[in-house]
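1. After the sequence you'll find the predicted model.
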Amino acid sequence: MQEIDRTAIKSIGIPGPVLMERAGVAVAREIRNSCSRKRAFIACGTGNNGGDGLVIARELHNAGYAVKALISGNRNRLSPDCALQLSIARKLGLSVAFGASISGGSGITKKDMHGAVIVDALLGTGLNKDVSGPAASIIRKINASGRPVVSVDIASGISADTGQVMGVAINADITVTFGLSKRGHFLNPGASHTGRLKVEDIGFPPGLYEKATCHIPGHAEIASMLPERKTYSHKGHYGHALVVAGSAGKMGAAFMASRACLRAGAGLVSMGGPETLSQTYAQRATEEMYLALPDHGGGTLSEAALEPIVSYAKQHGSALAIGPGIGTGPGAVKLVRKLVSQCPVPMVLDADALNALKGAARTIKKASQPVVLTPHPGEFSRLTGKTAKDVAADPIGSALALAKQSGAVVHLKGAPSVTATPTGQTYINATGNSGLSKGGSGDVLTGIIAAFLAQGATASDAAVSGAYVHGLAADIAASRGSTRSLLASEVTEALPEAFAALEGGGHEQRP
């Protein structure tokens, strides 16, 4: 958005004050529509975000509000557009004070916030260091006031790029942003500081939005990604997915992934599991088929499983998923590392398959077919050496770096989950809930993505739409009870309703 803003002003010639006027008018309109009290306290910075705040102060003043504004910072550091708005405000007789804090000495006291809606126009989207000093003090006092807060563009103190709290941040009830939403509105902890988000069009030429590389798809976009299903068709039209999963004590992972794969539309699904567990697999399989694979005699796959997997995939397969519950024994590790380069069909690597590639992310570059990786931050850390804390602090940057390094589509699980492609496109998933924080949820997601790959979806579309459908099914399942008691198997059973919602336009989850 910063680039779009610069292009609109410098290359196209739309005056900055015009955009500022439209931004301020949009926020003032939202305040008039949402807040009944006709008192407003406007906290402004010295940059263009503060200029927006002064436009808001003027608009509310003109609408009959009792308005007081505080500019935190040195008057000599006002941006040109902010200085222009201050001049206009003072000519209209608005109460605008300069001060380092909310105190009697600045002409603004805590009492000025009583009964008022507070407008946060302090820092905006350009923040790149921790908030300190007077601005931090003002933010703390606003948060402690108990008054409703409307933030301009983004809650002050939140990084627009990563969603991280830069020292201290406003807790907004409403955020009005301009042009496009920002990453920090949806990435935690920024999402919890945003409140209700409203995106306003303030006149940026639509063609400039093509510069955006981060997307938040909704129903329409996801529906367009789903593999087509024709009226006159048979199971062969919808692919054959091979799900290599499970080991002694972890066979549930294989069944959850395989069942989700079927529910997500794959025409045929075969489970590949250790041959010493054949009887158990065969007894539990219903719609799924079973492929017995060489193991070490203890219920864990051996390296010798490579040839039958590759052979089966060449003869029957359309996609392969490997990893849930296979363990991290030496045989499984060698199997995964060799399979990456020899697999003849698109594949999804999850769970223990990712652990098998610890420190060997570049191995994925050897794959001859598209690959989707689905790590959570811990698996991502083991795969790349980057700490889980750093991954969680910048999920989009982390996922994008791994996608470019490995050549794979990376779906980084989290709240929210993000997907990155080797070409530089990133996606934030807007569906799902805390009920997915439970064992088996990742296995279900793996099965869904494998189903979409088997039906001919691209790796990118399979990962993005798989995450959305997975989260949508979880939202539907949780609506019947509680996220606390949601089971992964219940997410699978809600997939029919999720697909029906996409096909019929119901249950829209887009923010």
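-> That came through, no problem.
2. What segments of the stretch 51-200 of the chain are helices?
-> For the stretch 51-200 of the chain, helices defined by DSSP state H, counting those that start in this stretch occupy the ranges 80-91, 133-144, 190-194.
3. Now do the second one: which elements does it pack against?
-> Identification of packing neighbours for helix 133-144 by 3 or more C-beta pairs under 8 Å, 6 or more residues apart in numbering; DSSP states H and E yields strand 66-72. Where you see a C-beta, it was placed from the backbone N, CA and C, and this is true even at glycine.
4. Go through the strand it packs on and flag the buried ones.
-> Across strand 66-72, burial judged by 16 or more other C-beta atoms under 10 Å covers 67, 68, 69, 70, 71, 72.
5. who does the first one bridge with?
-> What it means is residue 67. Taking DSSP bridges as the rule, residue 67 bridges to residue 40.
6. Which residues are in contact with it?
-> Contact analysis of residue 67 by C-beta atoms under 8 Å, 6 or more residues apart in numbering lists 39, 40, 41, 42, 57, 60, 61, 94, 95.
7. so where is this protein shaky, pLDDT-wise?
-> Along the chain, the parts satisfying pLDDT under 70 run over 100-101, 103-107, 505-511.
8. Pick out the residue nearest the middle of it.
-> For the chain, residue 428 is the residue whose C-alpha lies nearest the centre (C-alpha atoms, centre = their mean; 2.8 Å).
9. Was I right to think it contacts residue 418?
-> Yes. The criterion here is C-beta atoms under 8 Å, and residue 428 meets it with residue 418 at 5.5 Å.
10. Quick check: neighbours shared by those two?
-> Common contacts of residue 428 and residue 418, defined by C-beta under 8 Å, 6+ apart, comprise 187, 396.
11. quick one: the helices in the stretch 251-400 of the chain?
-> 251-263, 278-284, 306-316, 330-342, 352-355, 377-384, 388-393, 395-406.
12. and the ones you listed, which is most packed in?
-> helix 251-263 (a mean of 28; mean count of other C-beta atoms under 10 Å).
13. Can you give the distance from that one to the centre of its chain?
-> Centroid separation between helix 251-263 and its chain, computed with C-alpha atoms, centre = their mean, to the nearest Å, is 25 Å.
14. Identify the residues contacting it?
-> 241, 243, 245-246, 269, 271, 273, 277, 280-281, 284-285, 287-288, 321, 324-325, 351, 440, 443-448, 450-451, 454, 488-489, 491-493, 495-496.
15. before we move on, back to that, for the contacts of residue 67, work out which two are farthest apart.
-> Based on C-beta to C-beta, the longest span within the contacts of residue 67 runs between 39 and 94 and measures 13.7 Å.
16. Skipping its backbone neighbours, what lies nearest residue 291 in space?
-> residue 272 (4.4 Å; C-beta to C-beta, 6 or more residues apart in numbering).
17. Then residue 193?
-> The nearest residue in space to residue 193 (C-beta to C-beta, 6+ apart) is residue 155, at 4.3 Å.
18. Against residue 189, how distant is that neighbour?
-> 10 Å (C-beta to C-beta, to the nearest Å).
19. The two: who's more crowded?
-> For residue 155 versus residue 189, neighbours defined as other C-beta atoms under 10 Å are more numerous around residue 155 (27 against 13).
20. Tell me which residues touch that one, please.
-> Residue 155 touches 120, 169, 170, 171, 172, 175, 190, 193, 194, 195, counting by C-beta under 8 Å, 6+ apart.
21. if you set the cut-off to 7 Å instead, what comes out?
-> The contact partners of residue 155, by C-beta atoms under 7 Å, 6 or more residues apart in numbering, come to 120, 169, 170, 172, 175, 193, 194.
22. who wins for most neighbours among these?
-> With neighbours taken as other C-beta under 10 Å, the top of the contacts of residue 155 is residue 120, carrying 32 neighbours.
23. contacting residues for that one?
-> So residue 120 contacts 43, 142, 149, 150, 151, 152, 155, 156, 170, 172 (C-beta under 7 Å, 6+ apart).
24. Report the spatially nearest residue to it, omitting neighbours in sequence.
-> residue 151 (4.2 Å).
25. That neighbour reaches residue 177, doesn't it?
-> No. Residue 151 lies out of contact with residue 177 (C-beta atoms under 7 Å); the separation is 8.7 Å.
26. Compare neighbour counts for the two and give me the winner.
-> residue 151 (32 against 25).
27. From residue 442, how far out is the more buried one?
-> Relative to residue 442, and taking C-beta to C-beta, residue 151 is found at 34 Å.
28. how near is the closest residue in space to residue 266 that isn't next to it in sequence to residue 462?
-> Leaving aside its sequence neighbours, residue 266 sits nearest to residue 451 (C-beta to C-beta, 6+ apart; 4.1 Å). The gap separating residue 451 from residue 462 is 8 Å, by C-beta to C-beta.
29. Just want to know which of those two has more residues nearby.
-> More neighbours surround residue 451 than the other of residue 451 and residue 462, with 34 against 31 (other C-beta under 10 Å).
30. Tell me the span between the first and last residue of stretch 389-408.
-> 22 Å (C-alpha to C-alpha, to the nearest Å).
31. ok, and what's touching it?
-> With C-beta under 7 Å, 6+ apart, stretch 389-408 has contacts from 162, 164, 183, 187, 214, 361-362, 364-365, 371-373, 377, 380-381, 384, 386, 409-410, 412, 414, 418, 420-422, 424, 426.
32. Among those residues, which ones are in strands?
-> Applying DSSP state E to the contacts of stretch 389-408, the entries found in strands are 214, 371, 372, 373, 409, 410, 412, 418, 420, 426.
33. nearest to residue 32, of those?
-> Checking the ones in strands among the contacts of stretch 389-408 against residue 32 by C-beta to C-beta gives residue 214 as the nearest, at 31.5 Å.
34. partners of that closest one in the sheet?
-> Going by DSSP bridges, residue 214 forms beta bridges with residue 426.
35. again with residue 196
-> Going by DSSP bridges, residue 196 forms beta bridges with residue 174.
36. hang on, the earlier thing: hmm, which of the contacts of residue 67 are the buried ones?
-> Neighbour counting with 16+ other C-beta under 10 Å marks 39, 40, 41, 42, 57, 60, 61, 94, 95 as buried within those.
37. nearest spatial neighbour of residue 181, skipping sequence neighbours?
-> residue 199 (5.4 Å).
38. In contact with the one you found, which residues are there?
-> So residue 199 contacts 177, 180, 181 (C-beta under 7 Å, 6+ apart).
39. swap the cut-off to 10 Å and go again
-> Residue 199 makes contact with 26, 175, 176, 177, 178, 179, 180, 181, 182, 185, 511, according to C-beta atoms under 10 Å, 6 or more residues apart in numbering.
40. got it, and residue 142?
-> 41, 43, 102, 113, 118-120, 122, 149, 156, 170-172.
41. I'd like the distance between it and residue 350.
-> Per C-beta to C-beta, residue 142 is found 44 Å from residue 350.
42. just residue 455 next, same as before
-> In terms of C-beta to C-beta, residue 455 sits 19 Å off from residue 350.
43. and these two? which has more neighbours close in?
-> For the pair residue 455 and residue 350, the greater number of neighbours falls to residue 350 (31 against 22), based on other C-beta under 10 Å.
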